[in-house]
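J.: Structure, please.
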Amino acid sequence: MSVRRERSRSVDRQVRVQGRPVDTCPALPPEAGRGSVRRVTVVGEEVLSRPCREVTEFGTPELSALIDDMFLTMYVADGAGLAANQVGVDLRLFVYDCPDDYGIRHVGHIINPVLDLPGPGSRRLVDDFEGCLSVPGAAMAVPRTDRAVARGFDKDGDPLVIEGLGYFARCLQHETDHVVGHTYLDRLSKRDRKAALRQMEDRREDVFAQRAVKAARLGQ
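T.: Predicted coordinates for the structure are as follows:
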């Protein structure tokens with residue numbers, strides 16, 4: 001998911017890591033400092049359009065390395081969330097570093113996520129612009145609920161319950177869509193989907209250039 005609000009707004013305010021309040025978290029999370037940049041897949045690639053596989057082995061060096069790489073790749077691409085299939089790995093996993101609407105920064109990862117959304121009687125849909133690192137340069141209004149809960153596991157297999165409000169709720173819904181083989185384009189009308197793809201064609205090279213510059217600054 002693309003950043004649409006400045007990450008720095010929430011850096012000096014309350015922070016939650018893996019759903020737990022912490023005193024501080026650096027602007028570049030520790031995982032990113034250990035990672036390597038991977039190529040971000042682009043809409044149209046088959047790995048983005050099929051459901052991802054469940055993670056069955058936890059606590060492995062390979063899983064930790066993947067999460068580290070995803071954090072750094074997300075940072076270089078100026079993202080608020082990134083799913084594993086966006087770096088070509090078809091596993092049910094995503095990472096996030098995303099503010100909510102109340103100035104709280106949320107940082108973490110979740111494996112095998114299952115999304116709980118409010119029932120019809122208590123559901124409030126919000127139309128807001130949404131981007132995607134796999135649809136570079138495009139943004140369209142997408143209706144999402146203003147509250148979402150993701151249930152899953154951390155890299156060691158411990159259970160997680162992550163609650164999101166506002167923009168972070170949008171992030172949880174966007175990334176969970178990815179692990180079941182969908183992008184936000186699938187939620188658009190045919191007309192809006194075509195408009196988003198036109199935006200991507202017009203702007204993608206500029207986006208790729210910006211990512212390359214940021215990666216070079218990090219020695220990647």
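
J.: Contacts only, for the closest residue to residue 79 other than its chain neighbours.
T.: Nearest residue to residue 79 in three dimensions, chain neighbours excluded: residue 133, at 4.9 Å (C-beta to C-beta, 6 or more residues apart in numbering). C-beta coordinates here come from the backbone N, C-alpha and C atoms, glycine included. Listed by C-beta atoms under 8 Å, 6 or more residues apart in numbering, the contact set of residue 133 reads 1, 2, 40, 74, 77, 79, 82, 86.

J.: what does residue 179 give?
T.: Contacts for residue 179 (C-beta under 8 Å, 6+ apart) come out as 51, 52, 83, 84, 85, 92, 93, 94, 113.

J.: can you put those residues in JSON lines and add neighbour count?
T.: Formatted as JSON lines, the contacts of residue 179 follow (neighbours: other C-beta atoms under 10 Å):
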{"residue": "51", "neighbour count": "12"}
{"residue": "52", "neighbour count": "21"}
{"residue": "83", "neighbour count": "32"}
{"residue": "84", "neighbour count": "26"}
{"residue": "85", "neighbour count": "26"}
{"residue": "92", "neighbour count": "23"}
{"residue": "93", "neighbour count": "29"}
{"residue": "94", "neighbour count": "30"}
{"residue": "113", "neighbour count": "23"}
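
J.: residue closest to the middle of this protein?
T.: residue 81 (1.7 Å; C-alpha atoms, centre = their mean).

J.: Need the per-residue pLDDT for it.
T.: pLDDT, residue 81: 98.

J.: For this structure, just list every one of the strands.
T.: Using DSSP state E, the strands assigned to the chain run over residues 15-17, 20-22, 81-83, 93-99, 105-116, 125-131, 139-145, 147-153, 159-165.

J.: Low-confidence bits of this protein, can you list those?
T.: The chain contains residues with pLDDT under 70 at 3-12, 119-122.

J.: didn't the residue nearest to the centre of the chain look like it was pressed against residue 171?
T.: Yes. With contact defined as C-beta atoms under 8 Å, residue 81 and residue 171 form a contacting pair (4.7 Å).

J.: anything in contact with each of these two?
T.: Common neighbours of residue 81 and residue 171 (C-beta under 8 Å, 6+ apart) are 1, 96, 98.

J.: packing partners for the longest helix that the chain contains?
T.: Assignment by DSSP state H gives helix 190-217 as the longest helix of the chain. Using 3 or more C-beta pairs under 8 Å, 6 or more residues apart in numbering; DSSP states H and E, the elements in contact with helix 190-217 are helix 61-76, strand 139-145.

J.: swap the cut-off to 10 Å and go again
T.: Helices and strands touching helix 190-217, by 3 or more C-beta pairs under 10 Å, 6 or more residues apart in numbering; DSSP states H and E, are helix 61-76, strand 125-131, strand 139-145.

J.: among those, which is nearest residue 151?
T.: strand 139-145 (15.7 Å; C-beta to C-beta).

J.: Give me the sheet partners of the closest one and which way each runs.
T.: strand 125-131 (antiparallel) (DSSP bridges).

J.: Flag every buried residue along the strand it pairs with.
T.: Buried positions in strand 125-131, judged by neighbour count with 16 or more other C-beta atoms under 10 Å: 130, 131.

J.: Give me the angle between it and helix 190-217.
T.: 50 degrees (axes from the mean of the first three to the mean of the last three C-alpha atoms, to 10 degrees).

J.: Run the chain-centre distance for strand 125-131.
T.: 15 Å (C-alpha atoms, centre = their mean, to the nearest Å).
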